[in-house]
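Asker: A structural model of the following input is requested.
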Amino acid sequence: MRYPENPTQLPDDFTRVQNSYIQKVILAIAGLLLFFILYFAMIIGLGKLAYWQFLEFKKVEGDVFNLAFAVGAFMLFLFTLKFIFRWNRHKDKISVVVKPKDEPELYDFIHRIAKDAKAPKPNKIIIDHDVNASVSFHSTFLSLFFPGKKNLRIGLALVNGLNLTEFKAVMAHEFGHFSQSSMRVGSYVYMTNTIIQNMIFERDYWDRALEIWRSIDIRLSFIAWIITPFVWLIRQLLFLLYKLLNILHASLSREMEFHADKVAVSLTGSEAIVSALWKLEKAYESWNKTLSYTATASQQKVHTSNLFVHQQETLDAVQDDIDKSIHERDTDDAGHPIIFKEEETFSSLNMYASHPSNKDREQNAKTPFIEGVWDVSSPWKLFKNPKQIQRTITKNLYVYAMGLKEEEYIPALDKMTSFIAEEKQTEQIFGKEYLGNFEQRYFTVPNAEELQQENLFFNLDTLQIHEKFTSLIKDQLVTLMEPAKRFEENFKKLVDISTGVVKAKVFEYEGTVYKKKHFQLAADRIENEKLTYFKGSFKEWDKELFHLSYAATPLEDRDKQLDRFKLIELLQQNLKSFVTKNVSIITEYQNLVDAGDVTDGDITSYVVRTNNIRNIFEASQKHIEAAPFVSLPNIETKEELLRILVTSHTITPINSNSFKNGDFNTFLNTIDSIIFHYNRIIFKLTADVLAPLERISKEATT
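Answerer: Predicted coordinates:
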């Protein structure tokens, strides 16, 4: 078994828990105790109140007022209890539990780390698809009293991105968590959050019963009206506790991460865990790209037998850039490479939402600096049959995550590779020289008559076209994108403040100071100003680009190029309608959530407005059917275009039950999918607009 050697010289008590850690454990436990004291006090108090009211009702033999009070007290009692009777029916069908006999070397490797970390062995090793490794255990209401065994989850998309020493560092980090008794605090916080979220945000049969009760004769419903403000008061109190608990646990979680990193350093040295954190970002990006290709290809009935092969190909394609970045790193005073600089402290990985910044984690891992032993071989060597488990997880993702029927799953690895290669032709518009221009805005497309009769550049030869295109990209675009860059910088600063990455209580923008409760107004202002800037400042640049592209297109292909321009304009119009309506749907939904108690009338009105998007969908189909068509990579016919944008999507009308059974999420996902595919096709068309200009520039420079 390959096992990178542990560092030999460590300071005494290197992995000792710090006093700040202990203090935050105590605070988190105190917050939990406060919640459970209040929660069980409510249950006992309301239970006794209901019991006492029913006794009073029996004494006076049928007094309707006593009955109403008794039923009201019982309703409040049920309100506090209803979480206990909710069972999590979700089953993880994607992951695979591997046994020692299936993967003996992997188990030996993991058990060796557990021994060296002085941590308990995992109950099970679970393999899934994520760019992650984690400790997991089954959490139900009963697990508050009967602790469950810890399992180790390993994501295959993570394995693809690391070498063996980095993989060992990540596993050692997880065993740092295994050794932390405070992990139980996280379990309790998770269960507490579930209780509170259910009582605050969920609207179920209990709430509908109360709504119906309030709607009947006031002589029978007056108690329902009396208990309604008590329900609101309980929810507000719980919401305050919810925020307190999560602030305390987030603070504890950051200390737990620092300690787990120290455990990783004790087994691999200071650089391995930091290098792994940096490479996880690359693995995350490559995995997201792979899933994006997969979803797109699946819509066109192209499937693969192994998603992780394509992720590795995507990683390999950027390996030169990764190597260059590693070689160009600055060093600290001791000559050790600095991996995370100040401007890189905000991580895009969701799994690190409550983690310290990567810069802080790097500093923690290197204080003091511990030399490690590197083994740059692949962690896949620990797996007995890696291809088999990759194919199993891939099939599970198609069937259980994407909803593909087993008989529809016909994998073809080579076909998927070709499909991805075709899709990558589009990615030239995301090149650094275009500064994010094409993916941030809509274009102003000149009409066909102007392009044919008044073209600005028909008199230019190929060298002059190259020079003009260079001027557009190297000079004019750089100048035009400077304000856009400032918008992005301000928006990032706002996000950093709101998420706590930057310590500040207010956000200042263009002379206005925004407090945290008004951050959404600031975000809306920045976004609106950016859109206004794009709309007003790029008209002339767009005009010159399209005129230049038309002039650079060979005569025999110009009619097709005009069709591309027309199709871009039409698809942009459809896309604007979808995006505007989608923003409205999400904003109105958030307003309903923030409002707390809402009536059936509020929900019905929202449902009617939301379902209007189907009118946009039907109109978009007619527009596409009437539009010109040109073949694109992986889209060779108009029928394929219609299938991608229209017939493969079903916008099923939502109703009041859709918010409870998951149909509303499906509805939103469908809209997101439509918007994604519109962007995808507009990007393909934009790449074709640039193609003749890039061809001429390439010829001029070679």
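Asker: extract the C-alpha trace of the host helix or strand of L451 and format it as CSV.
Answerer: Assigned by DSSP states H and E, L451 belongs to helix 448-453. Extracted C-alpha coordinates of helix 448-453, given in CSV (Å, rounded to 0.1, in the frame of the first residue of the first chain):
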residue,chain,number,x,y,z
ALA,A,448,-29.7,43.5,-42.6
GLU,A,449,-30.3,46.5,-44.9
GLU,A,450,-27.7,48.6,-43.0
LEU,A,451,-25.2,45.8,-43.1
GLN,A,452,-25.6,45.2,-46.9
GLN,A,453,-25.9,48.7,-48.1
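Asker: who touches it?
Answerer: By CB atoms under 8 Å, 6 or more residues apart in numbering, the surrounding residues in contact with helix 448-453 are F546, H547, Y550, L562, F565, K566. From N, CA and C alone the C-beta is placed, and that goes for glycine too.
Asker: what is the nearest of those residues to R643?
Answerer: K566 (20.6 Å; CB to CB).
Asker: packing partners of whichever helix or strand G31 is part of?
Answerer: According to DSSP H and E, G31 maps onto helix 19-59. Packing partners of helix 19-59 (3 or more CB pairs under 8 Å, 6 or more residues apart in numbering; DSSP states H and E): helix 64-81, helix 183-200, helix 218-268.
Asker: can you name every helix or strand that the longest one contacts?
Answerer: Here helix 218-268 is seen to pack against helix 19-59, helix 64-81, helix 164-178, helix 183-200, helix 205-215, helix 270-299, helix 358-365 when contacts are counted using 3+ CB pairs under 8 Å, 6+ apart.
Asker: helix 358-365 and the third one, what's the angle between them?
Answerer: When axes from the mean of the first three to the mean of the last three CA atoms, to 10 degrees is applied, the directions of helix 164-178 and helix 358-365 differ by 90 degrees.
Asker: tell me the mean pLDDT for helix 164-178?
Answerer: In this model, helix 164-178 has an average pLDDT of 93.
Asker: can you check the fifth one too?
Answerer: Summarised as a single mean, pLDDT over helix 205-215 is 77.
Asker: elements contacting that helix?
Answerer: By 3+ CB pairs under 8 Å, 6+ apart, helix 205-215 packs against helix 64-81, helix 218-268.
Asker: need the residues that contact it.
Answerer: The contact list for helix 205-215 (CB under 8 Å, 6+ apart) reads 75, 78-79, 82, 220-221, 224-225, 227-228, 231, 599-600.
Asker: including pLDDT and secondary structure, could the contacts of helix 448-453 go into JSON lines?
Answerer: Listed next are the contacts of helix 448-453 as JSON lines, based on pLDDT from 0 to 100; DSSP: H, G, I helix; E, B strand; the rest coil:
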{"residue": "F546", "pLDDT": "96", "secondary structure": "helix"}
{"residue": "H547", "pLDDT": "96", "secondary structure": "helix"}
{"residue": "Y550", "pLDDT": "96", "secondary structure": "helix"}
{"residue": "L562", "pLDDT": "96", "secondary structure": "helix"}
{"residue": "F565", "pLDDT": "96", "secondary structure": "helix"}
{"residue": "K566", "pLDDT": "96", "secondary structure": "helix"}
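Asker: now for those: which two are most distant?
Answerer: Farthest pair in these, by CB to CB: H547 and K566, 15.2 Å.
Asker: ok so, going back, next, the buried residues of the helix holding L451.
Answerer: Within helix 448-453, the residues scored as buried using 16 or more other CB atoms under 10 Å are L451.
Asker: and the next element down the chain from it?
Answerer: Following helix 448-453 in sequence, per DSSP H and E, is helix 462-470.
Asker: how far off centre is that following helix?
Answerer: Centroid separation between helix 462-470 and its chain, computed with CA atoms, centre = their mean, to the nearest Å, is 42 Å.
Asker: filter the contacts of helix 205-215 down to just the buried residues.
Answerer: M75, F79, K82, S221, A224, I227, T228, V231.
Asker: related to what we said a few turns ago, reformat the contacts of helix 448-453 as TSV; add distance to D320 and neighbour count.
Answerer: TSV is the format used below for the contacts of helix 448-453 (distance: CB to CB, whole Å; neighbours: other CB atoms under 10 Å):
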residue	distance to D320	neighbour count
F546	34	23
H547	36	19
Y550	35	24
L562	39	18
F565	35	22
K566	39	18
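Asker: contacting residues around Y589?
Answerer: By CB under 8 Å, 6+ apart, the contact list for Y589 reads Y606.
Asker: any idea whether it is helix, strand or coil?
Answerer: When classified by DSSP: H, G, I helix; E, B strand; the rest coil, Y589 comes out as helix.
Asker: ok, it to W52 distance?
Answerer: Between Y589 and W52 the computed distance is 41 Å (CB to CB, to the nearest Å).
Asker: which stretch in the helices and strands packed on helix 205-215 has the least confidence?
Answerer: Lowest mean pLDDT within these: helix 64-81, a mean of 77.
Asker: list the buried ones in that helix?
Answerer: Neighbour counts over helix 64-81 (16+ other CB under 10 Å) mark 66-77, 79-80 as buried.
Asker: ok, and the closest non-adjacent residue to D600?
Answerer: Counting by CB to CB, 6 or more residues apart in numbering, E211 is the residue found nearest to D600 once chain neighbours are left out, at 6.2 Å.
Asker: re earlier: the buried ones among the contacts of helix 205-215: which two are farthest apart?
Answerer: Among the buried ones among the contacts of helix 205-215, K82 and S221 lie farthest apart (CB to CB), at 20.9 Å.
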